[in-house]
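*Asks:* compute the structure for the input listed below.
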Amino acid sequence: MAQSLTPRQLYRRCREERQFAMIDVRNKSYLKELSFPVEMLRIEEGLNNERFKSEELDFILLGEDEESSLDKVTTLEQQLGIEMYYVKGGMKEWAMYIESVQVGELTDGGEIYQFIRPSTGHLSYMIISEAEILLLNPDVWIQPYLDFVEDKAFTFRHIVDTCLHDTHVSGGPTLAEEVEETYWLPEVEERIFLSYEPITKSHVPKIGNTNIPIKVSHSDRFATFIVDQHYIFTSNEEANLYEGKGTILIDRMLSYKQLNEKGWVSAEGKQTETPNSVHSERIQAVNKGEINVTSEEILMLEYGC
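*Replies:* Numbering: from 1, shown residues only. Next up, the predicted model:
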């Protein structure tokens with residue numbers, strides 16, 4: 001009898017490096033879009049794959065949604081004669097799952113939280129001072145941020161994207177409109193089709209009443225934020241430039257092995273360039289405000305479901 005796993009339970013297995021194999025039944029062109037550092041099995045490659053006979057592995061089916069996942073896993077259990085798991089809500093729920101963990105504290109007693117989207121490795125951050133929030137690089141699924149802020153009784157003040165992202169759809173403009181606060185973006189040469197406040201070295205967002213210092217260092221593609229003279233929010237590609245200068249917080253997890261014992265993603269070790277999505281041009285067009293997409297189209301862009 002198939003057993004279900006919530007997205008949170010699946011994330012726990014990924015973190016604990018449990019022995020399991022994912023059975024991916026989606027369009028094969030999207031296989032490289034996942035950031036699972038686990039074995040992936042394709043049904044189309046045949047049910048005679050010897051890995052299906054392994055007694056050391058748990059098998060977890062990743063379908064498009066809960067109904068199709070349950071139907072497929074029931075059929076496969078009968079065909080293979082093995083017990084399997086399936087992800088509740090399928091790829092759609094897994095795609096929207098985001099987990100928060102506290103990274104550290106500011107000198108004024110404020111806090112920094114990292115938000116991990118384990119299905120893609122995308123990382124976003126809340127910098128909190130005097131109960132005011134500066135949110136860096138929010139994901140397209142904004143409800144986890146809204147729920148977190150409501151639960152903590154904080155207040156959004158600034159929503160910031162540190163570059164024109166091409167690996168994921170940003171939730172920055174939507175969230176800024178929802179909470180009626182300022183949306184910030186570095187000055188870029190490209191034409192932007194939405195309203196934003198430009199980030200420059202002399203024009204940066206501030207939060208709280210204790211003037212926590214925020215400095216911005218610009219490269220061709222990315223604005224690095226240095227907060228409280230210690231926390232460095234930068235890209236994977238530029239992380240090595242700041243070694244030994246503070247706690248480095250990158251924009252994407254490339255392996256679950258980057259999770260430290262406290263549960264957040266650290267930038268220890270040499271960082272490699274983040275691979276572009278096969279749909280990077282279209283994703284960037286969405287983030288410029290050049291085209292509008294529905295939730296279903298976002299899932300198709302990022303996951304093929």
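
*Asks:* spatially central residue in the chain, please.
*Replies:* By C-alpha atoms, centre = their mean, the chain has its centre lying nearest to His122, at 2.5 Å.

*Asks:* and that residue, bridged to which residues?
*Replies:* Arg117, Arg252 (DSSP bridges).

*Asks:* that one contacts Thr167, correct?
*Replies:* Yes. Look at His122 against Thr167 with C-beta atoms under 8 Å: they come within range, at 7.2 Å. C-betas here are computed from N, CA, C, even on glycine.

*Asks:* what's the domain layout of this protein?
*Replies:* Using automatic domain parsing, the domain parsing of the chain gives 3-94, 98-287.

*Asks:* what mean pLDDT does the last one get?
*Replies:* Domain 98-287 carries an average pLDDT of 90.

*Asks:* do the same with stretch 1-16
*Replies:* Per-residue scores along stretch 1-16 average to 88.

*Asks:* contacting residues around it?
*Replies:* Residues from elsewhere that reach stretch 1-16 (C-beta atoms under 8 Å, 6 or more residues apart in numbering): 20, 36-38, 58, 60, 70, 73-74, 77, 83-89, 93-94, 96-97, 99, 118, 256, 259, 263.

*Asks:* give me the common contacts of His122 and Thr167.
*Replies:* In contact with both His122 and Thr167: Arg252, using C-beta under 8 Å, 6+ apart.

*Asks:* for Ile248, what are its contacts?
*Replies:* Counting by C-beta under 8 Å, 6+ apart, Ile248 has contacts Ile232, Thr234, Ala239, Tyr242, Ser266, Ala267.

*Asks:* the closest residue to His218 other than its chain neighbours bridge partners, please.
*Replies:* Nearest-residue entry for His218: Pro186, 6.5 Å, with adjacent residues in sequence omitted and distances by C-beta to C-beta, 6 or more residues apart in numbering. Counting by DSSP bridges, Pro186 is bridged to Ile199.

*Asks:* now do the contacts for Pro186.
*Replies:* Pro186 touches Thr162, Cys163, Pro198, Ile199, His218, Phe222, Ala223, counting by C-beta under 8 Å, 6+ apart.

*Asks:* looking at these, which two lie furthest apart in space?
*Replies:* Spatial extent of those (C-beta to C-beta) is set by the pair Pro198 and Phe222 at 14.7 Å.

*Asks:* between those two, which one's more packed in?
*Replies:* Phe222 (18 against 11; other C-beta atoms under 10 Å).

*Asks:* let me know the secondary structure of Gln114.
*Replies:* Secondary structure state of Gln114, per DSSP: H, G, I helix; E, B strand; the rest coil, is strand.

*Asks:* so who does it touch?
*Replies:* With C-beta under 8 Å, 6+ apart, Gln114 has these contacts: Ser100, Val101, Gln102, Val103, Leu123, Ser124, Tyr125, Leu249, Trp264, Val265.

*Asks:* ok so, going back, let me know which of the domains of the chain is tucked in deepest.
*Replies:* Greatest average neighbour count among those goes to domain 98-287 (a mean of 18), per mean count of other C-beta atoms under 10 Å.

*Asks:* and that domain, how far out from the chain middle?
*Replies:* 11 Å (C-alpha atoms, centre = their mean, to the nearest Å).

*Asks:* equivalent analysis for stretch 13-27, please.
*Replies:* Distance of stretch 13-27 from its chain centroid, counting by C-alpha atoms, centre = their mean, is 17 Å.
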